[in-house]
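Peer 1: have a look at this fold, sequence not included:
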Ligand SMILES: Nc1ncnc2c1ncn2[C@@H]1O[C@H](COP(=O)(O)OP(=O)(O)O)[C@@H](O)[C@H]1O
Ligand SMILES: [Mg+2]
């Protein structure tokens, strides 16, 4: 038992939600055995993609105790830009269109950050204005370029981001490489600590983690590689998965292994202490806004792919799912506490509720209320943890 | 530590703007000459002349609102002085930001400590000064240095240097804040009311920490309300009253009752007149 508890140390904030997710999965599986089928789980991951990416976008700012309420419509504007640029009228190659999209969303968020910092306004208000402004911009863009309030995507690469799959061989290679790389870096970190005479966790914990990682990789590869088509053979890992993974990995490295990441936590924990330590607080706040914009841009591409284009009437709750993903996963609304992986867990929880409830024929009304309750529970846990304020 | 007493009285430090041959400047680490700081119409600190010497603990005393915190924040670059000059090892310096004071070798432990509760001890110790290796944080090096620094200062009460600072006791937090100042190879460590929030044994720990700093040749400027503490650790004393420095000199010139008089009324008949500013 002691070993198991030690395993969770440092990640203890995620225990309740992972348990909650496990209960949801068991429940949905019992009600409808399709739930855990390869096809449905793969679909669930793809459904979760936009929540996950927007959640990760939001975490940059949540860590500072700031928020971006405009991510939903910033993503909409980004999606519109991509779809318009790769459209037959402009014929831009996909990479140029994607690059301009990322630049545009990064620019939007940076602009909002500049306003927040320069005029010393609450990010809440500035990005609320942004929410309306970029909704207007989205409607303008779409109505100017499209017919009947939408533009459909004709670009194969953009379409494939969400709908395309890797070959089964590549799927295996990807999983093996990722697992080996992570295992190797965990072992090396452990060895370096041992060599320096620093306290390390029990070896068993390390082996257990690597084992869990390997099992997860094998299960995912088997799952993605199972044939999920009905009439044609459909198998392999969706492109969306490594995209999520790459953003998760890059974001986590920035947050945990670079000065910039350290300063984002410090500013969120105590910005005056950060300032007195000589940290240029405004520079790192602006960087966080820019990273929110960049991550939102990546979400734009997957969103356009998933919608098959862009409409002038996108879901207005997207920003709420972004914040909910982050907070459900365990990121604090009060700043200073959170991890990129939280958005992945939170996004999967939200997608699980939608997916599972739809499978057992529970309508959207109840789905909304269920997500609301999960969010409320997560915020309550966050607030209690903050009062305790000793756990990570 | 009294092996480097500096000028015996404070005539020099009360002699107004710096002049060539000012004796305070030749031996002091930091000298303030005519330092004032006002917030709009509020004159928080006025015409301060003070010398701080290496290897000595200077106690800065004064009633609530006397301007002690404002004075040390001016020295540490939280804001620039409204007027006056500062000399570091005899050279005039201009301190406008926390970085400026830090580059000189001044480390400040603020009354509110300015630690990040959401970061662990190592992360707090190196905040703003992280060690990196190929652009990435070198956690092992930072952790080893932290452990070494805490051991050097005989801070033995923390269980793990990877504990979040939010989980530490008041005395432990104070120790971390001090250790952090020492680790930077600071030549002047300023502490604002380091024992105010502490119990008896924790206070004793912090006082012995202060003594150890001075033994290493570091200049210490410590604000304290507690006269017991002051007479226990200080080599020199300075008293502020309503924004002015009314007296400064070796601790042997003072006793508890004259210190109380100076703090509460701004003057004392029992301190030699050369020590009391006009
Ligand atoms: N940031 C500030 N703005 C305006 N007035 C201030 C500020 N900081 C301190 N003061 C004023 O300066 C005076 C001295 O305060 P302070 O240095 O904090 O006293 P203490 O000696 O108790 O540390 C007080 O009257 C206080 O109200
Ligand atoms: Mg004070």
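Peer 2: Great, that's in hand. These numbers were taken from a predicted model, which means no experiment stands behind them. Numbering: from 1, shown residues only, chains lettered A, B, ... in the order given. Ligands and ions are numbered 1, 2, ... in the order given.
Peer 1: relative to the centre of the chain, find the outermost residue for me.
Peer 2: You didn't pick a chain, so chain A it is. Distance from the C-alpha centroid of chain A peaks at residue A:197, with 36.7 Å (CA atoms, centre = their mean).
Peer 1: let me rephrase: I mean chain B.
Peer 2: Outermost in chain B, CA atoms, centre = their mean: residue B:134 at 35.7 Å.
Peer 1: packing partners of the one helix or strand residue A:372 maps to?
Peer 2: Per DSSP states H and E, residue A:372 falls inside helix A:364-388. When contacts are defined as 3 or more CB pairs under 8 Å, 6 or more residues apart in numbering or on different chains; DSSP states H and E, helix A:364-388 packs onto helix A:15-31, helix A:318-329, helix A:340-359. For glycine as for every other residue, the C-beta is placed from the backbone atoms N, C-alpha and C.
Peer 1: of those helices, which is nearest residue B:263?
Peer 2: Closest approach to residue B:263 among the helices and strands packed on helix A:364-388 (CB to CB): helix A:318-329, 50.7 Å.
Peer 1: ok, and what's touching the closest one?
Peer 2: A:14, A:17, A:50-52, A:54-59, A:62, A:67-73, A:75-76, A:131, A:333, A:338-339, A:341-347, A:349-350, A:371, A:374-375, A:378-379, A:382 (CB atoms under 8 Å, 6 or more residues apart in numbering or on different chains).
Peer 1: what's the local residue count around the closest residue to residue B:224 other than its chain neighbours?
Peer 2: Closest residue to residue B:224 apart from its sequence neighbours, by CB to CB, 6 or more residues apart in numbering or on different chains: residue B:230 at 5.2 Å. For residue B:230, the neighbour count with other CB atoms under 10 Å in any protein chain shown is 21.
Peer 1: quick check: residue B:230 vs residue B:66, distance?
Peer 2: The gap separating residue B:230 from residue B:66 is 14 Å, by CB to CB, to the nearest Å.
Peer 1: would you mind naming what in chain A lies close to chain B?
Peer 2: A:192-193, A:196, A:198-199, A:253, A:256-259, A:262, A:265-266, A:268-270, A:272-279, A:336-337, A:389-392 (CB under 8 Å from any CB of the partner chain).
Peer 1: in helices, which of those residues fall?
Peer 2: Counting by DSSP state H, the residues of chain A next to chain B place A:192-193, A:253, A:256-257, A:259, A:262, A:265-266, A:268-269, A:272-276 in helices.
Peer 1: list only buried entries from the residues you listed.
Peer 2: Among these, those scoring as buried are A:193, A:257, A:259, A:262, A:265, A:266, A:268, A:269, A:273, A:274, A:275, A:276 (criterion: 16 or more other CB atoms under 10 Å in any protein chain shown).
Peer 1: closest to residue A:360 among the residues you listed?
Peer 2: Using CB to CB, those come closest to residue A:360 at residue A:268, 39.6 Å.
Peer 1: ok, that closest one - contacts?
Peer 2: With contacts defined as CB under 8 Å, 6+ apart, the neighbours of residue A:268 are A:63, A:64, A:65, A:335, A:336, A:337, B:118.
Peer 1: checking residue 113 next. Helix, strand or coil?
Peer 2: In the absence of a named chain, chain A is used. helix (DSSP: H, G, I helix; E, B strand; the rest coil).
Peer 1: could you do chain B instead?
Peer 2: Under three-state DSSP, residue B:113 comes out as coil.
Peer 1: which residue packs closest to it, ignoring adjacent ones?
Peer 2: Nearest to residue B:113 is residue B:177, by CB to CB, 6+ apart, at 4.8 Å.
Peer 1: after the one helix or strand that neighbour maps to, which helix or strand is next?
Peer 2: For residue B:177, the enclosing helix or strand under DSSP H and E is helix B:170-183. Sequence order places strand B:188-192 as the next helix or strand after helix B:170-183, per DSSP H and E.
Peer 1: so, low pLDDT: which residues of chain A?
Peer 2: A:1-13, A:386-392 (pLDDT under 70).
Peer 1: isn't there a strand covering residue B:220?
Peer 2: Yes. Assessed with three-state DSSP, residue B:220 lies in a strand.
Peer 1: excluding chain neighbours, what is closest to residue B:222?
Peer 2: residue B:191 (4.6 Å).
Peer 1: enumerate the positions of the one helix or strand residue A:291 maps to that are buried.
Peer 2: With elements taken from DSSP H and E, the one containing residue A:291 is helix A:281-307. Neighbour-count burial for helix A:281-307, counted by 16+ other CB under 10 Å, picks out A:281, A:284-307.
Peer 1: and what of stretch B:140-149?
Peer 2: B:140, B:142, B:143, B:144, B:145, B:146, B:147, B:149.
Peer 1: now do the contacts for the third one.
Peer 2: This means residue B:143. Each residue near residue B:143 by CB under 8 Å, 6+ apart is listed here: A:196, A:198, B:122, B:161, B:162.
Peer 1: does residue A:85 sit in a helix, a strand or a coil?
Peer 2: Quick answer, by three-state DSSP: residue A:85 is helix.
Peer 1: ok, it touching residue A:96?
Peer 2: Yes. Residue A:85 is in contact with residue A:96 according to CB atoms under 8 Å; the separation is 7.2 Å.
Peer 1: who has more neighbours, these two?
Peer 2: When residue A:85 and residue A:96 are compared for neighbours, residue A:85 comes out ahead with 21 against 12, by other CB under 10 Å.
Peer 1: give the buried residues for the host helix or strand of residue A:126.
Peer 2: If you go by DSSP H and E, residue A:126 is part of helix A:123-145. In terms of neighbour count (16+ other CB under 10 Å), helix A:123-145 has its buried residues at A:123, A:126-128, A:130-131, A:133-135, A:137-139, A:141-142.
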